Every structure is written in structure tokens, then in C-alpha cells.
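Undergrad: when you get a sec, could you give me coordinates for this:
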Amino acid sequence: MLTPSLTFIGKPACHLCEEARTVVAEVVDGLAADGVAVTVEDRSILDEPDLDVRWHDDIPVVLIGTALHDRWHVDAARLRADLLAAADVERPAG
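TA: Have a look, this model is predicted:
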């Protein structure tokens, strides 16, 4: 099993960022309870000018590895499925 990495890009006082952070935390916590670890890095466009230039109009942004997963809104079921796939965990059929 691999340990996928998730990068959350947002900024303080952003209501969409707070909503997305909640979804990410719930999914990551649920996976941890199932024995699947995920490395999470939280970055702010206010602290990193390069991120601001690249992602300013798209936050919140969720990357799995280096690939864009979501922007603006995070779908919990899709995030869970993609993190399981990144961890190389077989999901039950159905």
C-alpha cells in the first residue's frame, strides 16, 4: 500500500476553503480509520506568491500528488475513491 499525498491550497477567511477543508478532513480521517494513511499539506496563496499567481481564481484547490483533483468544491466520494486508487487499495465491487 502506498501513502498518497494531498495538497490543499487556499487562504484564511475563505468560506469555500473552510467547506472544502471540512470535506478533506472527514475523508482523510475516515481513510485513517480504515488503515489508509494520507499525507496532507495545507498551503496558502497568501504565503506563496507563485501559488497565488497560479491558483488565485481557483481556490480552494486539492491536488493528489501533483495532479489537480478538485477546485472550488470537493466531492467527498470522488476524493475517497481517488485517494484509495492513489494508495493502490482495491475497493470492494458494487
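Undergrad: any residues touching stretch 10-30, and which ones?
TA: 6, 8, 38, 40, 42-46, 59-62, 70, 72-76, 79-80, 83 (CB atoms under 8 Å, 6 or more residues apart in numbering). Heads up, the C-betas are built off the backbone N, CA and C, glycines and all.
Undergrad: just the buried ones from those residues?
TA: 6, 8, 38, 43-45, 59-62, 70, 74, 79-80, 83 (16 or more other CB atoms under 10 Å).
Undergrad: out of the residues you listed, which is nearest to Val53?
TA: Using CB to CB, Ile45 is the member of the buried ones among the contacts of stretch 10-30 that lies nearest Val53, at 8.7 Å.
Undergrad: how far away is the closest one from Asp58?
TA: Using CB to CB, to the nearest Å, we find Ile45 at a distance of 10 Å from Asp58.
Undergrad: poorly predicted segments of the protein, please.
TA: Counting by pLDDT under 70, the chain contains low-confidence ranges at 90-94.
Undergrad: now the phi/psi pair for the residue nearest the centre of the chain, please.
TA: In the chain, the residue lying closest to the centroid (CA atoms, centre = their mean) is Val62, at 4.0 Å. Val62 adopts backbone torsions of phi -120, psi 120, taken as degrees, to the nearest 10.
Undergrad: in the chain, which helix is the longest?
TA: Secondary structure of the chain per DSSP state H: the longest helix is helix 15-33.
Undergrad: which SSE is the closest residue in space to Thr3 that isn't next to it in sequence in?
TA: Spatially, and ignoring its direct neighbours in sequence, Thr3 is nearest to Ala37 (5.0 Å; CB to CB, 6 or more residues apart in numbering). In this assignment (DSSP states H and E), Ala37 forms part of neither any helix nor any strand.
Undergrad: start at 25 instead
TA: In the new count, where the first residue is 25, that last one comes out as Ala61.
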